[in-house]
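Participant: Output the structure for:
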Amino acid sequence: MTDGLATSRASGAPDPVDPLEERLASALPRLRAHVARSSRRVPGVDPDDVAQEVVARALRYRATYDARRELWPWLRRVAEHVLIRQRAAGSRHPQPLAEHEPAAPEPVLEGESREEVARLLAGLKPIERDVLVRFHVRLESVREIARALGLREGTVKSHLSRARRRVAELPEPGDTP
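Facilitator: Purely as a prediction, here's the structure:
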C-alpha cells in the first residue's frame, strides 16, 4: 500500500521532483498560445500536436536545458525547431486535393481594392514595401526575409513594424488631410 507519495523502488525514499517537468507544466498555457499563433502560417499543422511534440522534445533533450536560466526562451526555440521541421515536412509531402474538391482560388483584387492597396504601398519606402509584401502576401517568415534580403532579423522586424505603422497612419480615402 502506498501513501500517495512516489517512492524510489530501490531505497524507498521519495523521488525528487524534476524541476524541468514542474516548469514545463506551468509554461504549458503560454506554449499552447505561442504554438497556436505560430502554426497559423504552417498549413495542415495541428497546434496541439506541435505543443505535444515540443514537450516531448524538451523532456528528451533536458540535458541541454540549464535550470539556472529561464525556461521560456529555451522552450520557444524548441517550438520553432518543431515548426520548421513540420513546415519542411509539409512542403516535401503536399497533401493531395480530393478529386471532387476544386482548389481554392487565389484572392484577386479588383478595381478599387487594387487601387487602395497600391495607394497604401506607395507611401512606403521600397525596403518597407518589400518586407511588408513578403511577410503578409507571400507569407515568408522574418528569418526567410532576412536571408533573402541579406538583413538581420531585427532589422526586418523594424522595417515591418515601421511599414505597418505608416500604413495605419495613412488617411482613409475621402478623408481630408
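Participant: Residues contacting stretch 149-156, please?
Facilitator: Outside stretch 149-156, the residues within contact range by C-beta atoms under 8 Å, 6 or more residues apart in numbering are 127, 130, 131, 142, 143, 145, 146, 159. All C-beta spots, glycine's among them, are computed from the backbone N, C-alpha and C.
Participant: So which bits of stretch 59-70 are buried?
Facilitator: Applying a neighbour-count criterion of 16 or more other C-beta atoms under 10 Å, one finds residue 65 buried in stretch 59-70.
Participant: can you give me the mean pLDDT across it?
Facilitator: On average, the pLDDT along stretch 59-70 is 84.
Participant: With just CA atoms, put it into CSV.
Facilitator: Taking C-alpha atoms only, stretch 59-70 is exported to CSV below (Å, rounded to 0.1, in the frame of the first residue of the first chain):
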residue,chain,number,x,y,z
LEU,A,59,12.0,16.1,-22.0
ARG,A,60,14.1,14.2,-24.4
TYR,A,61,16.7,16.9,-24.6
ARG,A,62,16.5,18.0,-21.0
ALA,A,63,20.3,17.8,-20.7
THR,A,64,20.6,20.9,-22.9
TYR,A,65,18.5,23.0,-20.5
ASP,A,66,20.3,25.0,-17.9
ALA,A,67,18.0,25.1,-14.9
ARG,A,68,19.6,28.3,-13.7
ARG,A,69,18.1,30.1,-16.7
GLU,A,70,14.5,31.0,-17.6
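Participant: elements contacting the helix or strand where residue 82 lies?
Facilitator: Here residue 82 is covered by helix 71-92, with elements defined by DSSP states H and E. For helix 71-92, the packing partners by 3 or more C-beta pairs under 8 Å, 6 or more residues apart in numbering; DSSP states H and E come out as helix 19-39, helix 47-60.
Participant: I'd like to know which of those lies nearest to residue 118.
Facilitator: Nearest to residue 118, of all those, is helix 19-39, at 29.6 Å by C-beta to C-beta.
Participant: In terms of residue numbering, what are the domains of the chain?
Facilitator: The record's domain parsing of the chain by automatic domain parsing lists 19-92, 111-169.
Participant: If you average pLDDT over each of those domains, which is lowest?
Facilitator: Mean pLDDT is lowest for domain 19-92 out of the domains of the chain, coming in at a mean of 82.
Participant: Could I get the contacts of stretch 149-156 in JSON lines, plus columns for distance to residue 59, secondary structure and neighbour count?
Facilitator: Output for the contacts of stretch 149-156, formatted as JSON lines (distance: C-beta to C-beta, whole Å; DSSP: H, G, I helix; E, B strand; the rest coil; neighbours: other C-beta atoms under 10 Å):
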{"residue": "127", "distance to residue 59": "42", "secondary structure": "helix", "neighbour count": "15"}
{"residue": "130", "distance to residue 59": "41", "secondary structure": "helix", "neighbour count": "17"}
{"residue": "131", "distance to residue 59": "37", "secondary structure": "helix", "neighbour count": "29"}
{"residue": "142", "distance to residue 59": "28", "secondary structure": "helix", "neighbour count": "19"}
{"residue": "143", "distance to residue 59": "26", "secondary structure": "helix", "neighbour count": "12"}
{"residue": "145", "distance to residue 59": "33", "secondary structure": "helix", "neighbour count": "23"}
{"residue": "146", "distance to residue 59": "31", "secondary structure": "helix", "neighbour count": "18"}
{"residue": "159", "distance to residue 59": "38", "secondary structure": "helix", "neighbour count": "23"}
